[in-house]
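S.K.: build the 3D model from these lines:
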Amino acid sequence: MKIDRLVAILVILLSKDRVQARDLAQKFEVSVRTILRDVEAINQAGIPIVTFQGANGGIGIAEGYRLDKSVLTADEMAAIISTLQGIDGAVNTKTHAALMDKLKNALTLPQLETLDNKLNRIVIDLSPWQDDTTTRERLAEVMAAIDARRELEFTYNDSSGAKTRRKVEPYSLILKAQNWYLYAWCTLRSGFRYFRISRLADLITLESTFQPRQVSPQPLPEKRFIDQFGAPVELELAFIEELESMVEEFFREGIDSRRDGKIIVKTTLPENRGVLGLLLSFGSGVEVISPPHIRQKLAEITAEIAQIYAS
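M.R.: As a prediction, the model looks like this:
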């Protein structure tokens, strides 16, 4: 990935007075022209790069502006590496592990010892409780397709249970509410869509590539999620006090009051099967006070469940 190479080049420039472009090209297995473009990108980012002519020439950081190895504090370095470790725990790739090694190589032994102590304070683990090999493999394949700008094809099972075959141009992987989503241009819908990774089946990376469209680097507007996964519905819920810890976990910001020994929650969620399933997961410990049509839907579902187990 280009960003990894840029960071690695910057780390090398921080640790050396100057370096030959051809040496960098050999190290990263790219052309000298690519290295010169990377160096120019670093220069445009605000770190002045200079070139030195002659036998001992090369590329270096301008005198008077040189950053030393303390440019990142131990806390800042620990935050970066903890985040990268968390991503590696969820995505089956060695890219971030290599980047972590490059960052550590710029530190002295005392700095490394301090870093190890800092890393033990905060551990970010995005992996599921149970080993989900399928999801990790899908994430790795999707990431590779994004990097190579190759189209993907898969069968998608949406929240309503409808299955469709999709061909998409992949742009971003998004982790939201403990679920991974693919943000991609869908040829079937002629627009950008979110696809929950766990609902992809028969995933194929195609040989065909695509020219990137204009897209926000962080496509996370709430309205798009709501439009795709269901219109928002305002819920008023009453939970028994025995579920207090679970209520605080799921609806911390929505807890409104306590009434007649019940915890009252007011929240807004997209109206879909997933939300109905969430409410049903609380069993008889929750009552939907409003809106009436959600009460009716849950009554119908629970009646069907009761009929199944009564027979």
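S.K.: show me what the strand ranked longest in the chain pairs with in its sheet, parallel or antiparallel.
M.R.: Secondary structure of the chain per DSSP state E: the longest strand is strand 163-176. Note on strand 163-176: by DSSP bridges, its sheet partners are strand 150-157 (antiparallel), strand 179-186 (antiparallel).
S.K.: make CSV out of those strands and add mean neighbour count.
M.R.: Bear in mind the C-beta positions are built from the backbone N, C-alpha and C, glycine included. Output for the strands paired with strand 163-176, formatted as CSV (neighbours: other CB atoms under 10 Å):
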stretch, mean neighbour count
strand 150-157, 18
strand 179-186, 21
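S.K.: where among the ones you listed is the average confidence lowest?
M.R.: Ranked by mean pLDDT, the strands paired with strand 163-176 bottom out at strand 179-186, which scores a mean of 89.
S.K.: give me the contact list for it.
M.R.: 90, 135, 139, 142, 152, 166-175, 191-198, 200, 210, 213, 219 (CB atoms under 8 Å, 6 or more residues apart in numbering).
S.K.: which is the next helix or strand following that strand?
M.R.: Once the chain leaves strand 179-186, the next helix or strand it forms, by DSSP states H and E, is strand 191-196.
S.K.: buried residues in that next one?
M.R.: For strand 191-196, the neighbour count (16 or more other CB atoms under 10 Å) marks F192, R193, Y194, F195, R196 as buried.
S.K.: redo the residues you listed as a markdown table? Include distance to W185 and pLDDT.
M.R.: As requested, the buried residues of strand 191-196 are arranged in a markdown table below (distance: CB to CB, whole Å; pLDDT from 0 to 100):
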| residue | distance to W185 | pLDDT |
| --- | --- | --- |
| F192 | 6 | 88 |
| R193 | 8 | 88 |
| Y194 | 12 | 88 |
| F195 | 11 | 92 |
| R196 | 17 | 89 |
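S.K.: just give me the closest of these to V288.
M.R.: Within the buried residues of strand 191-196, the smallest distance to V288 is 24.8 Å, found for R196 (CB to CB).
S.K.: who is the closest residue to the closest one other than its chain neighbours paired with across the strands?
M.R.: Once flanking residues are discounted, R196 sits nearest to Y181: 5.6 Å by CB to CB, 6 or more residues apart in numbering. Counting by DSSP bridges, Y181 forms beta bridges with I174, R196.
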